Each structure stands twice: as structure tokens, then as C-alpha cells.
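1. how does the following fold in three dimensions:
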Amino acid sequence: QVQLVESGGGLVQAGGSLRLSCVASGRTFSGFVMGWFRQAPGKEREFVKAITWNGGTTNSADSVKGRFTISMDKAKSTVYLEMNSLKSEDTAVYYCAAGRLASSRPDSYDYWGQGTQVTVSS
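-> As a prediction, this is how the structure comes out:
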């Protein structure tokens with residue numbers, strides 16, 4: 001079956017960096033868009049960044065522009081989210097998702113990972 005497995009979360013001080021990974025398996029993802037979302041306690045799931053399977057960056061949330069970078073390694077079926085200059089407001093569970101539309105809407109994505117916790121201490 002389709003699986004998206006995130007890793008790389010953890011506890012980091014404000015101003016620090018983390019790199020999240022998402023390994024995709026179970027089907028061919030060619031033509032898909034891979035997205036990262038996050039959800040903080042009591043808040044709705046929020047779009048972060050997305051990239052096409054062939055590595056073309058699609059869009060980004062304003063709150064992370066200039067700090068977060070998304071990339072794709074097709075040979076490893078892995079999408080990465082490099083997060084720099086982390087702030088306390090970046091604290092959330094981060095989810096990887098796959099869908100057929102380049103969209104910032106969670107309901108546009110068909111497959112989801114289980115999430116990885118990122119906690120930024122101030």
C-alpha cells in the first residue's frame with residue numbers, strides 16, 4: 001500500500017535548523033505533487049511548501065519564505081524540508097502529503113504520512 005514516512009523532527013532552539021525527510025512508497029508518484037503541511041495544537045492544518053515529483057518547486061507559505069527549502073531526490077523517492085532560522089511559532093506536527101494538484105489546500109492531497117513533531121524552544 002501507499003506509505004509516506006516522515007522523519008527528522010525533534011527539539012531545537014530558536015534560530016536552529018532541522019531537516020525533515022519523507023520517503024514515499026507503494027506506487028508510482030510520477031506526476032504527483034509532494035507537499036509539506038504542519039499543524040499546531042488547536043490550529044488548522046497549514047500549508048508549508050510543495051514540489052513536483054520532477055523537482056519543480058510550486059509554491060510556499062509566506063511565513064516560511066527565505067527560511068525553509070523543499071527538495072526532491074527521485075532516486076530515493078524522498079522529499080526533504082530543510083528548515084533554518086526556526087522560530088517558536090514553527091512548533092507543530094509536520095506532515096508529508098502527495099496529491100495530483102499543485103495546491104495549498106489539504107483536501108487536494110490523496111495520501112498523508114503520520115507526521116513528525118518539531119518543537120522550537122525560545
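2. list the buried residues for the strand or helix carrying I70?
-> Per DSSP states H and E, I70 falls inside strand 68-73. Neighbour counts over strand 68-73 (16 or more other C-beta atoms under 10 Å) mark F68, T69, I70, M72 as buried. To be clear about C-beta, it is placed using only N, CA and C from the backbone, and glycine gets the same treatment.
3. quick one: least confident helix or strand in this structure?
-> One helix or strand of the chain scores below all others by mean pLDDT, DSSP states H and E: strand 57-60, with a mean of 79.
4. could you say what helices and strands that one packs with?
-> Judged by 3 or more C-beta pairs under 8 Å, 6 or more residues apart in numbering; DSSP states H and E, strand 57-60 is in contact with strand 46-52, strand 68-73.
5. hey, C-alpha coordinates of the shortest one in PDB?
-> These are the backbone C-alpha positions of strand 68-73, laid out as PDB (Å, rounded to 0.1, in the frame of the first residue of the first chain):
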ATOM      1  CA  PHE A  68      12.500  26.700   4.500                       C
ATOM      2  CA  THR A  69      13.700  24.900   1.400                       C
ATOM      3  CA  ILE A  70      12.000  21.900  -0.200                       C
ATOM      4  CA  SER A  71      13.800  19.400  -2.400                       C
ATOM      5  CA  MET A  72      13.300  16.000  -4.100                       C
ATOM      6  CA  ASP A  73      15.600  13.000  -4.600                       C
END
